[in-house]
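1. got a structure for you, letters missing:
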């Protein structure tokens, strides 16, 4: 994997979901993408609701990352753990915490019901 891809550079936000830097261009890094989303979150939340944001963001990002890596590896936990740089036991623990264990690909939407 290229260094830029590991840092989240390049295609983050290029999915056409409206995530951009305010100038019509997609974020150039994962950091910019996350910053834009967190800024949007604060704009939607009342000040008194802004508690536990760190945990909320970490859990959401971690869950999405785990799901993406498991899809990328076809559910191969050994490969997924190597990609993430964690051991397989830690991967399984995290999959359980996010309700993703045992692994089954999540529906992508667009079904009948």
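-> It's in. Being a predicted model, the structure only gives us computed values, none of them experimental.

2. just checking, what's the longest helix in the protein?
-> Criterion DSSP state H: the longest helix present in the chain is helix 53-72.

3. helices and strands around that one, which ones?
-> Under the contact definition 3 or more C-beta pairs under 8 Å, 6 or more residues apart in numbering; DSSP states H and E, helix 53-72 sits against helix 30-44, helix 77-84, helix 88-97. From N, CA and C alone the C-beta is placed, and that goes for glycine too.

4. ok, which of these comes nearest residue 66?
-> helix 88-97 (5.9 Å; C-beta to C-beta).

5. buried ones in the closest one?
-> By neighbour count with 16 or more other C-beta atoms under 10 Å, helix 88-97 contains the buried residues 91-92, 94-95.

6. not counting its own residues, what contacts that helix?
-> By C-beta atoms under 8 Å, 6 or more residues apart in numbering, the residues outside helix 88-97 that reach it are 62, 66, 70, 77-78, 80-81, 84, 86, 101, 103.

7. quick one: buried ones out of the residues you listed?
-> Buried members of those, scored by 16+ other C-beta under 10 Å, are 66, 70, 77, 80-81, 84, 101, 103.

8. where does pLDDT dip in the protein?
-> 1-27, 47-48, 106-113 (pLDDT under 70).

9. what's the domain layout of it?
-> Following automatic domain parsing, one finds the domains of the chain at 1-51, 52-105.

10. picking up where we left off before, mind putting the buried ones among the contacts of helix 88-97 into TSV with distance to residue 43?
-> Output for the buried ones among the contacts of helix 88-97, formatted as TSV (distance: C-beta to C-beta, whole Å):
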residue	distance to residue 43
66	27
70	32
77	38
80	34
81	37
84	31
101	34
103	35
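
11. closest to residue 29 out of these?
-> residue 84 (19.3 Å).

12. quick revisit: mind putting the helices and strands packed on helix 53-72 into a markdown table with distance to residue 57?
-> Shown next, in a markdown table, are the helices and strands packed on helix 53-72 (distance: least, C-beta to C-beta, whole Å):
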| stretch | distance to residue 57 |
| --- | --- |
| helix 30-44 | 6 |
| helix 77-84 | 18 |
| helix 88-97 | 15 |
